[in-house]
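# Here you go, sequence then predicted model.
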Amino acid sequence: MVFSSAAFLFLFLPVTLILYFIRLFPSNQARETAKKNFVLLAMSLVFYAWGEPFYVLLMALSIVFNYFIGFDIEYHREKPKKMKCILVFGIAFNLISLGFFKYSGFVVDSINSFFSLDIQFTAPGLPVGISFYTFQILSYIVDVYRGTVAQKRLVPFAAYVTMFPQLIAGPIVQYGDIEKQLNERYISREKFAAGIIIFIKGMGKKVLFANTVGAFYTQISELEITSVSAATAWIGIICYTLQIYFDFSGYSDMATGLGKMLGFDFIQNFNFPYTAKSITDFWRRWHISLSNWFRDYVYIPLGGNRVGAVRHILNILVVWALTGMWHGAAWNFIAWGSLYGVLLIVEKYLLKNILPKIPSVFRWAGTMVVVMIGWVLFSKESFSEAVDYIKAMLCLSGNAFFDSSAMYYISTAGLSIVIMSLSALGYFAKMPRIKNYRFNVITTAVGYTLVFLLCVIYLISETYNPFLYFRF
Amino acid sequence: MEKENFNDELKDEILTDAEATELVVPEKSEETVAVEDEGQSDAVAEKIDETDAADKEAPVSEKKPKPKGRVIFTLFITFFCLLIGFLSVYGFVTPDREFSENESRLLAKMPEFTLNGVLDGTFMKSFETYLTDQFPFRDEAILLKSIMERALGKREENGAYIGKDGFLFEKQTAFDGERMKVIADSINRFAQGKEALNTVFVLVPNSSFVYSEKLPDYLETENQKEQIDEFYAMLCEAIVKTDAVTPLLEAKAAHQVFYKSDHHWTTRGAFAVFEKIMESFGEEIAEEEFEFHTVSNDFEGTLKSKSPAQNTADSVEVCFPKNSQGTYFAEFSGEGNKKESLFFKEKLREKNHYEVFLGSNVAKVSVSTVLEGDRKLLVIKDSFANCLIPMLTPYFSKIVVIDPRYMTEGIDGIMNEDAFTDVLFLYNANTFFSDSVLTDVLGRNLI
């Protein structure tokens, strides 16, 4: 089930909220929270089973297994060696499960083409959200090992893993961040109202912005690439750049908003990534929860930057190849991730003293060009398609620089692109506001109700509605 | 930051309700207020996580210790819940609609609940389709979206181009040379087997070519004349290739030869090409022998359904030979329907007025005329031919019209039934370039 669907908005959400907020134990706060966790867990399982009626069993199995792993680690607290063994076993189990469902097809294909073999293998279907929940589980058992967290009860732990707002497309919530909230959380009208607003904002980003601009990108990517003019290719990738941002950050906003309605505070996942003035800066602003995860559970355990230069460079490359792989099981994703690894090394070692001297507008422009070329790698099915597209962008495929089709896209998509770019660059957020509290609250409420109605209008008249990030 | 913020909240919660309100309201609402516009996107989250909680808390709560915001929040939450509740409940209590005229399709019904359906996920998928299809105010929503998108400059909608002067255009089908060669070969084999047969082939361009000046600015489309010529070159000598492009471009000055709201040609357009077709059959025709009558002024065709915001309606004319009353009778396949006319007046009361010609598409229509002689015509066609068939009745003693898209068996049975002297292939380019059944239907004849 996706958030921006009639089934979620008008059936699942009302039912969940009613069950969640009915007070069964008005006098007992702890039991009330336990009941809320139970409702959250039950409805999250329904939410997941709605889209994955079979793989919900896999997720349940994984939760129970890891709950006991955590328990076992805690139990052997006094025997570090034994504890480490259990942790390694737990991590291996999770990675093998993720590897089998997500990467087995890719690995077999790669072996076949590399060694010219013909191993017959039918890859299993990818369970939705497995990359997200596996990472959350890993963070939990590692943190138990580190002694920073521990959960004795199954329901709150299961509720943490399955929590429907972030189950399918993040943000990747680390157990330590919401441990307290699982046991005791703060719910107020203001928070609930803020949750609604953030949810609507996310849905607007997804339904009104991402889908619209995505339709333009689809049109352009369906053209014969060798005859596409450079200008059209750039318009196409600008559309994709906007689409993936609004799609993914819209999803994160919807998750954050729903979380707030239920009383949870998730970490901020995006912070105007397209205003970044360097690649390092970009990754501090894009999918922050994923970067944090790799930093805490891969980069720092490998030694981070407190090692020799060669080892440091190696660490960065490993982290970024893995980041690329996390996004999808294909060579172009690995190339995409590794490209960022190399660029970050270049920034850290070669451009360290040069970058600050460049005027910031050029740094921004350079960063955006790199990011957009990265999105070409990201968006195409194969490496060769991506290369063809980049050639078209650079006028290297014998194509024209500008033609009438570019003019057509400027005249039909131009206005949408300008509005969305201003939004992505934060210009609307920076607009001066009237300093009247009541006026602001009312206009916000009215404005977002309209956005909600528009979203519903778009939803029911549109069949084109897949989330880009469902692949992961 | 995150944890600090959270601790603050916990602290607040321990306080009494009123105190908590005073402390929290201004702080929290300030954040809410920050979310005013689309694209403030991360501003909210940013503020919640960083600035506000830590920096502004103290001064803000001193400045605004009033709980006035609380009423607004309660109102907003109540309104939002009522809105969602209303749409949910309203959707379930209104009776389901069966058919959507705009889309010419049956709407999804409540799927049957079966264990297997749930286990393999098909139940959930059909249920979501059902909810969306039966959503209250769906047609209005589609219209509003169409208006919005147009205002933002979009010129393509559900596969239709929004042109100038009220014209809508069907998107052109790509010309795939290799596939067309396969189709051409099957037509060639069909014609070469029967030298006595007089075979005429007409491929009609679409309005996006004939009225290309009405297309949206800067939109480039394929040159259908070149594509048609390329296909004609693949056909063998024995087949007479009739040019439909020139007569349409000529007739365009005097008449509207394509509908604005529908993908078909108008009867005037068909008549212009009809003259050329009859030339190919060796007949000279005079326009004054035919009558034109306007039967509708409010035809909203298939393209208008794709772009509901388009404010366009067309007139529909019928054309038939003078004094043709009672000169033929027609038999339609399917319902075994016999009629003394090729026109279906009752269709003018329905949505698709183009169906006044030959009704809905069927596999086969046989027309027997009062004409003596053995000239018998087989028409292999798509729906473009429907408005042209009545014009053919004075020239043949029998006309059999087949639409391969609806046929369940090969053409050989039909060829054996009658001794045909003439064959007419009549297609429009978009349908023909995407055809996937003609080879099959013709091919079975050879086996």
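Ah, there it is. Numbering: from 1, shown residues only, chains lettered A, B, ... in the order given.
# contacts and neighbour counts: CA atoms only from here.
Fine.
# which residue packs closest to residue B:391, ignoring adjacent ones?
residue B:320 (5.3 Å; CA to CA, 6 or more residues apart in numbering or on different chains).
# Where does the one you found fall, secondary structure wise?
Using DSSP states H and E, residue B:320 falls within strand B:314-321.
# Sheet-wise, list the partners of that strand with their directions.
Strand pairing for strand B:314-321, determined by DSSP bridges: strand B:290-299 (antiparallel).
# continuing past the partner strand, what's the next helix or strand?
Downstream of strand B:290-299, the first helix or strand assigned by DSSP H and E is helix B:302-306.
# model confidence over that next one, on average?
Across helix B:302-306, pLDDT averages out at 85.
# what ranges of chain A fall below the confidence cut-off?
Within chain A, the ranges that satisfy pLDDT under 70 run A:462-472.
# how's it carved up into domains?
Residue ranges for the domains of chain A, per automatic domain parsing: A:6-185, A:191-471.
# Can you give the distance of the longest one from its chain's centre?
Yep, that's domain A:191-471 we're talking about. 10 Å (CA atoms, centre = their mean, to the nearest Å).
# Check the shortest one too.
Centroid displacement of domain A:6-185 relative to its chain, using CA atoms, centre = their mean, is 16 Å.
# That one near chain B anywhere?
Yes. Against chain B, domain A:6-185 shows contacts by CA under 8 Å from any CA of the partner chain at A:6-7, A:9-11, A:14, A:50-54, A:177, A:185.
# what separates residue A:73 from chain B, distance-wise?
Distance of residue A:73 to chain B, computed by CA to the nearest CA, to the nearest Å: 26 Å.
# got the contact list for that residue?
Residue A:73 is in contact with A:83-84, A:86-87, A:144-145, counting by CA atoms under 8 Å, 6 or more residues apart in numbering or on different chains.
# Turn these into a markdown table, columns for distance to residue B:365, secondary structure and neighbour count.
Supplementary listing: those in a markdown table, determined by distance: CA to CA, whole Å; DSSP: H, G, I helix; E, B strand; the rest coil; neighbours: other CA atoms under 10 Å in any protein chain shown:
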| residue | distance to residue B:365 | secondary structure | neighbour count |
| --- | --- | --- | --- |
| A:83 | 82 | helix | 20 |
| A:84 | 81 | helix | 16 |
| A:86 | 78 | helix | 19 |
| A:87 | 76 | helix | 22 |
| A:144 | 78 | helix | 23 |
| A:145 | 79 | helix | 23 |
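# Closest one to chain B out of those residues, please.
Of all these, residue A:144 has the smallest distance to chain B: 18.8 Å, by CA to the nearest CA.
# residue ranges with poor pLDDT in the stretch 51-200 of chain B?
In the stretch 51-200 of chain B, residues with pLDDT under 70: B:51-69, B:104.
# Tell me which stretches of it form helices.
Applying DSSP state H, counting those that start in this stretch to the stretch 51-200 of chain B gives helices spanning B:51, B:57-63, B:69-93, B:115-119, B:122-133, B:138-151, B:177-192.
# To residue A:286, which of those lies closest?
helix B:51 (19.2 Å; CA to CA).
# hmm, back to that, quick check: the residue nearest to residue B:391 touching residue B:389?
No. Between residue B:320 and residue B:389 there is no contact under CA atoms under 8 Å: 9.0 Å.
# ok, now which ones touch the residue lying closest to residue B:245 once chain neighbours are set aside?
With sequence-adjacent residues excluded and distances taken as CA to CA, 6+ apart, residue B:245 is closest to residue B:205, at 6.3 Å. Listed by CA under 8 Å, 6+ apart, the contact set of residue B:205 reads B:224-225, B:228, B:244-245, B:428-430.
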